[in-house]
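> quick check, what structure comes out for this input:
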Amino acid sequence: MLVGFTGLHGTGKTTIINKIIELLKTQDIEVVLCKELVREEYKDDFENGLLKESKQLEAFEKQINKEIEEYKNDTNNKIIIFDRTGIDYLYYQMYNYIKHIDNDDLYNYSINIWKNMLNIFDKYLSTHYDLIYNIYVSMDNWKRFKLNDNFRNTDVDIYKIMCRIQDNIFNSYWLPIRRHENIYGENEFNNLSKTIYMGILMNFLFKKVIKNGDINDKKLYKDIKKIYNERDILMGDV
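Okay, the predicted model is just below:
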């Protein structure tokens, strides 16, 4: 099962992912984490807190190839989690060509990169993920905390533009996206992590039933029922 996490920088994705993996491992489930590629391989290719435009297409293609590789290796016995997906590269590159709107040469250069990325995205990405979680932070919280991951740009105006770009991309494609706001508080963080964990676990168990074709697997159904009950308590439904 493939699960992707997407969202702008500084929204708490990696922290939430680490908590979710900790929870999933209590269920004796194999979890594979694919760390953020640009942090691992492109640390020296950033300018003003953003990946150099000359590296965007190369990094995007590496990301997509990794997703395809893991998709082929996917089984119903493990959960593969991506810290960032190919979607993230799309909205960062869209920002690049928007900022070059007054310079024809740079604009054309940027939009050609964007089109190449979009062709790859349309062909591959939308078919791979079982679930994609978008973690976002409200503009008020962004301004309040001036969120800084010591890696990317923390300019509020850039964040505002990026939020609009992100929303436009999400609205342009049918993708299995669940959106969750990170409010930044210990209780809120624990509840958010647990809510996402339960969603992943339920989907994993249902997928297992379907793939195995064993609709009489009573243990699986008991596990699913238990998660539903825990989720209802967490959401205040009972």
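> and the strands in this structure?
2-6, 30-34, 46-47, 50-51, 78-83, 131-136, 177-181 (DSSP state E).
> TSV for those, including distance to residue 20, mean neighbour count and mean pLDDT?
For the C-beta atoms, the positions are set from N, CA and C on the backbone; glycine is no exception. Listed next are these as TSV, based on distance: least, C-beta to C-beta, whole Å; neighbours: other C-beta atoms under 10 Å; pLDDT from 0 to 100:
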stretch	distance to residue 20	mean neighbour count	mean pLDDT
strand 2-6	9	24	92
strand 30-34	9	15	92
strand 46-47	27	14	82
strand 50-51	26	20	81
strand 78-83	7	22	92
strand 131-136	9	22	91
strand 177-181	11	15	87
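> closest one to residue 59 among these?
strand 50-51 (6.4 Å; C-beta to C-beta).
> mind giving me the packing neighbours of the closest one?
helix 86-99 (3 or more C-beta pairs under 8 Å, 6 or more residues apart in numbering; DSSP states H and E).
> so the helix it packs on versus strand 131-136, what angle?
40 degrees (axes from the mean of the first three to the mean of the last three C-alpha atoms, to 10 degrees).
> which residues touch helix 86-99?
4, 6-7, 50-51, 53, 56, 59-60, 63-64, 67, 107, 110-111, 113-114, 117-118, 120-121, 124-125, 132, 158, 161-162, 165-166, 169, 175 (C-beta atoms under 8 Å, 6 or more residues apart in numbering).
> buried among the residues you listed? Need that as a selection in PyMOL.
Selecting only the buried entries of the contacts of helix 86-99 in PyMOL, with 16 or more other C-beta atoms under 10 Å as the criterion:
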select buried, resi 4+6+7+50+51+53+56+59+60+63+64+67+107+110+111+113+114+117+120+121+125+132+158+162+165+166+169+175
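> restricted to helices, list the contacts of helix 86-99.
Counting by DSSP state H, the part of the contacts of helix 86-99 found in helices is 53, 56, 59-60, 63-64, 67, 107, 110-111, 113-114, 117-118, 120-121, 124, 158, 161-162, 165-166, 169.
> could you point out the longest helix in this protein?
helix 186-212.
> where does residue 235 land on pLDDT?
Residue 235 carries a pLDDT value of 44.
> scratch that, residue 213 is what I was asking about
For residue 213, the predicted pLDDT is 58.
> ok, now which ones touch residue 165?
Going by C-beta under 8 Å, 6+ apart, the list of residues near residue 165 reads 91, 94-95, 98.
> circling back: by contact count, what packs against the longest helix of the chain?
helix 13-25, strand 131-136, strand 177-181, helix 218-235.
> list the buried ones in it?
Neighbour-count burial for helix 186-212 [16+ other C-beta under 10 Å]: 189, 192-201, 203-205, 208-209.
> as CSV, the strands of the chain with distance to residue 22 would be great.
Putting these into CSV (distance: least, C-beta to C-beta, whole Å) gives the following:
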stretch, distance to residue 22
strand 2-6, 15
strand 30-34, 9
strand 46-47, 29
strand 50-51, 29
strand 78-83, 12
strand 131-136, 16
strand 177-181, 18
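> show me the shaky parts of the chain.
The chain contains residues with pLDDT under 70 at 74-76, 125-127, 142-154, 209-238.
> so residue 38 sits right up against residue 51, yeah?
Yes: under the criterion of C-beta atoms under 8 Å, residue 38 makes contact with residue 51 at 5.5 Å.
> quick check: neighbours shared by these two?
In contact with both residue 38 and residue 51: 45, 59, using C-beta under 8 Å, 6+ apart.
> got the contact list for residue 71?
2, 128.
> repeat for the one 10 residues further on
Contacts here follow C-beta under 8 Å, 6+ apart; on that basis residue 81 touches 3-5, 17, 20-21, 31-34.
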